[in-house]
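Peer 1: what follows is a predicted structure for the sequence shown.
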Amino acid sequence: MRIFLQFFNSVKLAIVLLIIITLASIIGTLIPQDRTMQEYVFHYGKLAKVLTSLEFTKIYNSFWYVGLLFLFSINILVCTLTRLSPKWKRAFNPKMEKEVKNLIVLKTQEKFSKNWDITKTKDKIQKALKGRRYRIREESEGGKAFLLARKKTSGLFGADIVHLGLLVIIAGGMISGAMSTSNYMDFYEGQTLSVVNADFQLRMDDFETEYNENGSVKDWKSTMTVIENNQDILSKIIEVNHPLSYKGYMFYQSAVDFDWQNPTVEIWAKKKDTPDYTEKIRLRLGDKVELKGENLQITALQFVPDFIIGENGEVATRSQQPNNPAVYIEGWQEETQVFTGWIFAQFPDFSRIHAESEEETNLTFELQGYQGGEISILNAAKDPGANIIWLGCAFLMAGLGLAFYWPPREIKIILETIQSKTEITAGGIASKNKAAFRTEFENIMTTLRRQK
Amino acid sequence: MNEATLFTGTFAIYIIATFFYFSFLFSKKESMAKLGYTFALLGLTTHTGALAWRLFVSGHAPFTNMYESLSFLAWASILAYVIIEGKFKIKKAGPYFMLIVLGLMALASSPLMPKDYAPLMPALQSYWLWLHVSVTMIGESFFAIAFVTSIMYLVADSKQKRGVKTGLSAEKLDEVSYKCIAIGFPLFTLGGMVFGMVWAYKAWGSYWSWDPKEVWSLITWFVFALYLHTRLVMDWKGRRSAFIAILGFLAALFTYFGVNYLLSGLHSYG
């Protein structure tokens, strides 16, 4: 146990660990993390196997990185605790300085006499010190009086509170790593989905994409309702940066996708010999719609948002974005199929209608509109570590504030009656901002010297 | 007049300030340093005007693309510098620090940086953008001053060892470097780490994603933590401290530039 403590009670160890963790973190940003083995083989060749087996390809979750963080935490904990006890004593059970010789060796010190008795001197000094927000302890013994004036004593613990904050943050991180969950939920308008592992459901009442004037996305808004025991509990519009929080779950607007399985298309039928003839029809996939004035029914059977001919000649889509939308239509006269073909929104001239009979080639078709359903993808996240992290951050910042901007100051004073005069010996200690402290100390002493 | 004129005017004023600071360096005339400081203050004023202009026209924080961000960083650097020079009387650092500011302004002026007003993408529409970016950059500006004073320390130290007198003593430069880091470190922790985590949690659902920019901020934070511990606990001073401070600023610089251009990740907003 003693060896254990000795090993971890070392600032040098902390510095070595800090350097190793820093180097490991750098490696993690140079090697792309969490990719496929093929990618690593492509980039690093034979090295790939070494890198993956050393977990350099998932460093931040690797056994040794987490192990280093763990060692570092123990290091911080031991260093902080062993240094805490003398500080604690100094703060809450301070030793009263009773030897004049210990005060006059201090860098900040003064010695002078006043024509007052010891009680009056003490009162005057206390008044001067209290005016500068010092808190004072006093003792007297054998005709002497001892004063200990201190302020900003809590600044002593600044670094310890920073370390506490870091430990809390690391603990929060471990809890998040072990327990946080994240599930993506795809919502259509009107759809209700159960939240994984929770006893409530979510329904998307409305989804809206707002656009800027230049066509870029301004905002996505999903109006969500929480349903519990078949009752609507609450409704909230979720936007990026405005998640919904319910029962420890957070629901984030994560992404938007299009549903091209069941779009509505608008097709314009035109006649080659009658330029002012245009007949517009709207239909969903699978619907059969009569073309007005003609003995003809149109049906749409397949839609792709980004038309491409695959390797084997089959129709496929390159992406889910409507870059090259195309629809496959058929024309029927009662039970007879009269034409089939793909028509393209971007390239109306490419439309290929294969007519079964001569007369119908007079008609042309254009894909003028298409509307896929929008899917709103929400991230349902639960992270029990998050609140611990915020607590740790609060400690961290409070500690940094104390450590840098709340420097403790101490003034020790010994009063002694010598030949009906009172001799004052004062010494001051400040660990930071010494110049400012010396000025304050000298001001207090000068005021006392001048007082009648 | 418009924002571009104000920005160009500010650039010109900074060039004049740099000129005066260098005149001070060579002529040793106090009045030149004073003029340099005055022009730096004047530039800060017009620069504030340029940023405010942009804010009012665009309706969002003036640091959402590389041009705005560089301009804001230059602004924060000048702000930090006039505070530090006013407090610690380090006017000899003026000419060198102004070179960094001019570098930032020149990069911002480059035609490669689009200057048009673009609407904010959904992820950036948050008041955390203000808190996260501005506090981080102001913190980094103090690191930049520590970088300059640390290099000056190394030069002054080697001069003093050869018995050559220097205008600013090495001890003073060492002290000012520490003071700048003592201001910059809490700000960087608050803006870069804490506010960053809070915002990431609100926007992405995870306060930490090991994204390269996040990791590099952490690395920067580690380097300055190293600086503070070696100094405050192990009483390192002088050369070794100066080297760590320089390294820390380079890490901050890489977090700011390098990650955007060399590594890809969540923070790739351009």
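Peer 2: In hand now; what should we look at? Numbers count the residues shown, from 1 in each chain, chains lettered A, B, ... in the order given.

Peer 1: would you map the helices across the stretch 351-452 of chain A?
Peer 2: A:386-405, A:434-450 (DSSP state H, counting those that start in this stretch).

Peer 1: show me the helices in the stretch 101-250 of chain A, by range?
Peer 2: A:118-131, A:158-179.

Peer 1: same question for the stretch 1-150 of chain B.
Peer 2: Using DSSP H, counting those that start in this stretch, helices in the stretch 1-150 of chain B cover B:3-27, B:30-58, B:66-88, B:94-109, B:127-129, B:135-161.

Peer 1: to chain A, which of the ones you listed lies closest?
Peer 2: helix B:127-129 (7.6 Å; Cβ to the nearest Cβ). For the C-beta atoms, the positions are set from N, CA and C on the backbone; glycine is no exception.

Peer 1: who touches A:A91 in this structure?
Peer 2: A:T153, A:S154, A:L156, A:F157 (Cβ atoms under 8 Å, 6 or more residues apart in numbering or on different chains).

Peer 1: could these be laid out in CSV, adding pLDDT, distance to B:S69 and neighbour count?
Peer 2: CSV is the format used below for the contacts of A:A91 (pLDDT from 0 to 100; distance: Cβ to Cβ, whole Å; neighbours: other Cβ atoms under 10 Å in any protein chain shown):
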residue, pLDDT, distance to B:S69, neighbour count
A:T153, 93, 42, 17
A:S154, 93, 38, 13
A:L156, 92, 39, 21
A:F157, 95, 37, 22
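
Peer 1: quick check, nearest of those residues to chain B?
Peer 2: A:L156 (13.2 Å).

Peer 1: quick check: that closest one vs A:K432, distance?
Peer 2: Distance, A:L156 to A:K432, using Cβ to Cβ, to the nearest Å: 11 Å.

Peer 1: equivalent analysis for A:A178, please.
Peer 2: Using Cβ to Cβ, A:A178 is found at 40 Å from A:K432.

Peer 1: could you check which of those two is surrounded by more residues?
Peer 2: A:K432 (18 against 9; other Cβ atoms under 10 Å in any protein chain shown).

Peer 1: I figured that one was touching A:W406, is that so?
Peer 2: No. Using Cβ atoms under 8 Å, A:K432 is not in contact with A:W406, being 9.1 Å away.

Peer 1: shared neighbours, these two?
Peer 2: A:G155.

Peer 1: wasn't A:N262 part of a strand?
Peer 2: Yes. A:N262: assigned to a strand according to DSSP: H, G, I helix; E, B strand; the rest coil.

Peer 1: what number of residues lie near the closest residue in space to it that isn't next to it in sequence?
Peer 2: Closest residue to A:N262 apart from its sequence neighbours, by Cβ to Cβ, 6 or more residues apart in numbering or on different chains: A:L285 at 5.9 Å. When counting by other Cβ under 10 Å, one arrives at 17 neighbours for A:L285.

Peer 1: my guess is A:L285 contacts A:Q302, does it?
Peer 2: Yes. Using Cβ under 8 Å, A:L285 is in contact with A:Q302, at 7.2 Å.

Peer 1: ok and the residue in the stretch 51-200 of chain A nearest chain B?
Peer 2: For the stretch 51-200 of chain A, Cβ to the nearest Cβ, closest residue to chain B: A:Y60, 4.5 Å.

Peer 1: quick one, phi/psi of that residue?
Peer 2: phi -70, psi -20 (degrees, to the nearest 10).

Peer 1: neighbours around B:S23, how many?
Peer 2: By the criterion of other Cβ under 10 Å, B:S23 has 17 neighbours.

Peer 1: got the contact list for the closest residue in space to it that isn't next to it in sequence?
Peer 2: Nearest in space to B:S23, with sequence neighbours left out and distances taken as Cβ to Cβ, 6+ apart, is B:M32 at 4.2 Å. If a contact means Cβ under 8 Å, 6+ apart, then B:M32 has B:F20, B:Y21, B:S23, B:F24 as its contacts.

Peer 1: check contacts around the most centrally placed residue in chain A.
Peer 2: With distances taken as Cα atoms, centre = their mean, A:A386 lies nearest the centre of chain A, 9.2 Å away. Counting by Cβ under 8 Å, 6+ apart, A:A386 makes contact with A:G172, A:S176, B:Y201, B:Y207.

Peer 1: if we go to 10 Å?
Peer 2: For A:A386, the contact set (Cβ atoms under 10 Å, 6 or more residues apart in numbering or on different chains) comprises A:G172, A:I175, A:S176, A:S180, A:G248, A:M250, B:M197, B:V198, B:Y201, B:G205, B:S206, B:Y207.

Peer 1: now, of those residues, which are buried?
Peer 2: Buried members of those, scored by 16 or more other Cβ atoms under 10 Å in any protein chain shown, are A:G172, A:I175, A:S176, A:S180, A:M250, B:M197, B:V198, B:Y201, B:G205, B:S206, B:Y207.
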